[in-house]
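Asker: I would like to see how this sequence folds:
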Amino acid sequence: MKPIKKYAGYFCLIVSSIQYATIFCLPFIDIPTEKKVAIGGVLYGLSYIFMFAGIGLLGREIIERFKTRWKSFWKHKTDKEIEQN
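Answerer: I've put the predicted structure just below:
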């Protein structure tokens, strides 16, 4: 994978996360409710666009990494592993 695609992909994922987190700050900002809803909708849409762009740029590598981490999170320890710890 080319380094520029990798950096751009991770940049898109970081921007997406920041946009998504900003949505939860909106209730505490002193602006009219209609604007909060509009801004929240725009941020939500943009966060998804950036997320899919980042995943598209990173390709199969990031999808496999997510799958591996997800499966390891839900993996149950066997009796032998428990006894060793």
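
Asker: In space, not sequence, find me the middle residue of this structure.
Answerer: Ser17 (5.3 Å; C-alpha atoms, centre = their mean).

Asker: does the residue lying closest to that residue once chain neighbours are set aside belong to a helix or a strand, and which?
Answerer: Excluding the flanking residues, the one nearest Ser17 by C-beta to C-beta, 6 or more residues apart in numbering is Ser47, at 7.7 Å. In this view, the C-beta of every residue, glycine as well, is placed from N, C-alpha and C. Using DSSP states H and E, Ser47 falls within helix 33-58.

Asker: So which other helices or strands are in contact with that helix?
Answerer: Counting contacts by 3 or more C-beta pairs under 8 Å, 6 or more residues apart in numbering; DSSP states H and E, helix 33-58 packs against helix 3-23, helix 60-74.

Asker: Buried residues, the first one. List them.
Answerer: In this case it means helix 3-23. Buried positions in helix 3-23, judged by neighbour count with 16 or more other C-beta atoms under 10 Å: 9, 12-13, 15-16, 19-20, 22-23.

Asker: between those residues, which is nearest Ile62?
Answerer: In terms of C-beta to C-beta, no member of the buried residues of helix 3-23 lies closer to Ile62 than Gly9, at 7.0 Å.

Asker: circling back to that earlier point, and the helices and strands packed on helix 33-58, which one's lowest on average pLDDT?
Answerer: Lowest mean pLDDT within the helices and strands packed on helix 33-58: helix 60-74, at a mean of 81.

Asker: and stretch 43-57, how far out from the chain's middle?
Answerer: Distance, stretch centre to chain centre, for stretch 43-57: 9 Å (C-alpha atoms, centre = their mean, to the nearest Å).

Asker: mind exporting stretch 22-29 as PDB, just the C-alpha atoms?
Answerer: What follows is stretch 22-29 as a C-alpha-only set of coordinates in PDB (Å, rounded to 0.1, in the frame of the first residue of the first chain):
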ATOM      1  CA  THR A  22     -18.800  16.600  18.200                       C
ATOM      2  CA  ILE A  23     -22.400  15.600  17.800                       C
ATOM      3  CA  PHE A  24     -22.600  14.800  21.500                       C
ATOM      4  CA  CYS A  25     -21.300  18.300  22.400                       C
ATOM      5  CA  LEU A  26     -24.100  20.100  20.600                       C
ATOM      6  CA  PRO A  27     -26.700  20.000  23.400                       C
ATOM      7  CA  PHE A  28     -24.300  22.100  25.500                       C
ATOM      8  CA  ILE A  29     -23.900  24.900  22.900                       C
END
